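A.B. asks: sequence first, predicted coordinates after that:
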Amino acid sequence: MAEVEPKQKKASGRQCCICNQRRAVLKRPKTLEQICRECFYAVFEDEIHRVIVDNQLFKPGERIAIGASGGKDSTVLAYVLSELNRRHKYGLDLFLLSVDEGITGYRDDSLETVKRNEIQYGLPLKVVSYKDLYGWTMDEIVKMIGLKNNCTFCGVFRRQALDRGAALLKVDKLVTGHNADDIAETVLLNILRGDIARLSRCTSITTGEDGPIPRCKPFKYTYEKEIVMYAYFKRLDYFSTECIYSPNAYRGFAREFIKDLERIRPRAILDIIKSGEDFRISTSTKMPEQGTCERCGYISSQI
Ligand SMILES: Nc1ncnc2c1ncn2[C@@H]1O[C@H](COP(=O)(O)OP(=O)(O)OP(=O)(O)O)[C@@H](O)[C@H]1O
């Protein structure tokens, strides 16, 4: 089990400001409230439940695939979603869906974690691989083209692989563990690149409703620090290592910048998401058109 102790400010021997009964053991990153462990679990789970209900993410009887990488976000998502499904009787059929990119020393290890999660949470697992779908592993691609733009290519392949896996599972929707920090970062990056088409899409909680399988992000408002804290206190089994190929330095700077802002003002993450949502695109702005690949017919990227 990978356990990364979350950096947290110790709550100072006070009572929990929510229940006023138990001793506070942590300072909640999103609000800086001093709370006990039980109240943290409750507010963390209730906020996600509210997001699901308010945004009508699911309908009873739907089959839902959880994009499961074995990392902290998707592991917590699988755990919390199966808890909420039981507790609030959503009536969902949940599945784990993993993409094996073929990255030795990274995805092979994280897939072992997902296989354990399959048993721990009682959720059926489907694995689709780049090798089977495209005839190439990422290791083979990198060997051929070198360490260049690997994340960009891998992202395009993964998107399609998740759609194909979701089609095999015959699910109605795919959920991913993208969290509030990820979305704030993407807003900032799209502004820095002047990419208005992606800026208008990246804050949507559900995307691809006109495509083969809609995707949703139930963690749109969930802070990364709280996900790590939840996984740590609940002792969830997840894998915590970065991909071995080309860390995205530009995104890394955006990430650090947002972390600095969060340190001064925790609300900064939610404010950036709100700003992204409130940008209006003038009707006279020419938008890029979504194309389809001439060879396979799948939606093509704008890159
Ligand atoms: N190989 C994969 N197989 C299935 N789903 C994936 C895979 N990689 C990413 N995802 C989905 O996309 C989300 C965002 O992926 P990203 O690579 O940004 O990882 P992350 O923020 O580190 O998330 P995690 O902690 O879940 O790995 C994940 O939470 C997961 O739902």
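C.D. replies: Received it, and whenever you're ready, just let me know what you need.

A.B. asks: check the residue in the stretch 201-303 of the chain that the ligand sits nearest to and give its pLDDT.
C.D. replies: For the stretch 201-303 of the chain and the ligand, the shortest gap (C-beta to the nearest ligand atom) falls at Y238, measuring 7.2 Å. (Glycine included, C-beta is placed from N, CA and C.) If you check Y238, the pLDDT there is 96.

A.B. asks: and it, what are its bridge partners?
C.D. replies: A2 (DSSP bridges).

A.B. asks: that one: neighbour count?
C.D. replies: 27 (other C-beta atoms under 10 Å).

A.B. asks: my read: Y238 touches G71, true?
C.D. replies: Yes - assessed by C-beta atoms under 8 Å, Y238 is found in contact with G71 at 6.2 Å.

A.B. asks: and the strands in this protein?
C.D. replies: Residue ranges of the strands in the chain, as given by DSSP state E, are 26-27, 34-35, 63-67, 93-100, 125-129, 173-175, 206-207, 215-216, 291-292, 299-300.

A.B. asks: out of these, which is closest to E226?
C.D. replies: strand 26-27 (9.8 Å; C-beta to C-beta).

A.B. asks: show me the shaky parts of the stretch 1-150 of the chain.
C.D. replies: 1-12 (pLDDT under 70).

A.B. asks: from it, which residue is nearest to the ligand?
C.D. replies: Closest point on the stretch 1-150 of the chain to the ligand, by C-beta to the nearest ligand atom, is G71, at 2.1 Å.

A.B. asks: which residues touch that residue?
C.D. replies: Neighbouring residues of G71 by C-beta atoms under 8 Å, 6 or more residues apart in numbering: 110, 177, 238-240.

A.B. asks: so which of those residues is the most crowded?
C.D. replies: Counting by other C-beta under 10 Å, top hit in the contacts of G71: Y238 with 27 neighbours.

A.B. asks: list, one by one, the residues from this protein near the ligand.
C.D. replies: Contacts of the chain with the ligand, taken as C-beta under 6 Å from any ligand atom, map to 67-69, 71-74, 97-99, 158, 176-178, 182.

A.B. asks: now the helices for the stretch 1-150 of the chain?
C.D. replies: 37-54, 72-87, 107-121, 130-134, 138-145, 150-169 (DSSP state H, counting those that start in this stretch).

A.B. asks: pull the second one out as CSV, backbone CA atoms only.
C.D. replies: The one in question is helix 72-87. The C-alpha coordinates for helix 72-87 follow below in CSV (Å, rounded to 0.1, in the frame of the first residue of the first chain):
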residue,chain,number,x,y,z
LYS,A,72,-5.1,8.5,-5.4
ASP,A,73,-7.9,10.4,-7.2
SER,A,74,-9.5,7.5,-9.1
THR,A,75,-9.0,5.2,-6.1
VAL,A,76,-10.9,7.6,-3.8
LEU,A,77,-13.5,8.1,-6.5
ALA,A,78,-14.1,4.3,-6.8
TYR,A,79,-14.4,4.0,-3.0
VAL,A,80,-16.6,7.1,-2.4
LEU,A,81,-18.8,6.4,-5.3
SER,A,82,-19.5,2.8,-4.3
GLU,A,83,-20.2,4.0,-0.7
LEU,A,84,-22.6,6.8,-1.9
ASN,A,85,-24.3,4.4,-4.4
ARG,A,86,-25.1,2.1,-1.5
ARG,A,87,-25.9,4.8,1.1
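
A.B. asks: how near is K72 to C16?
C.D. replies: Between K72 and C16 the computed distance is 25 Å (C-beta to C-beta, to the nearest Å).

A.B. asks: quick revisit: could the helices of the stretch 1-150 of the chain be laid out in a markdown table, adding distance to S300?
C.D. replies: Listed next are these as a markdown table, based on distance: least, C-beta to C-beta, whole Å:
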| stretch | distance to S300 |
| --- | --- |
| helix 37-54 | 31 |
| helix 72-87 | 26 |
| helix 107-121 | 25 |
| helix 130-134 | 15 |
| helix 138-145 | 18 |
| helix 150-169 | 9 |
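
A.B. asks: residue contacts, the residue of the stretch 151-300 of the chain found nearest the ligand?
C.D. replies: At 2.6 Å from the ligand, G177 is the closest residue in the stretch 151-300 of the chain, using C-beta to the nearest ligand atom. With contacts defined as C-beta under 8 Å, 6+ apart, the neighbours of G177 are 67, 69, 71-77, 219, 227.

A.B. asks: just give the closest residue to it, not the sequence neighbours.
C.D. replies: D73 (3.0 Å; C-beta to C-beta, 6 or more residues apart in numbering).

A.B. asks: who touches that neighbour in this structure?
C.D. replies: Neighbours of D73 in contact, by C-beta under 8 Å, 6+ apart: 177-179, 182, 219, 224, 227.
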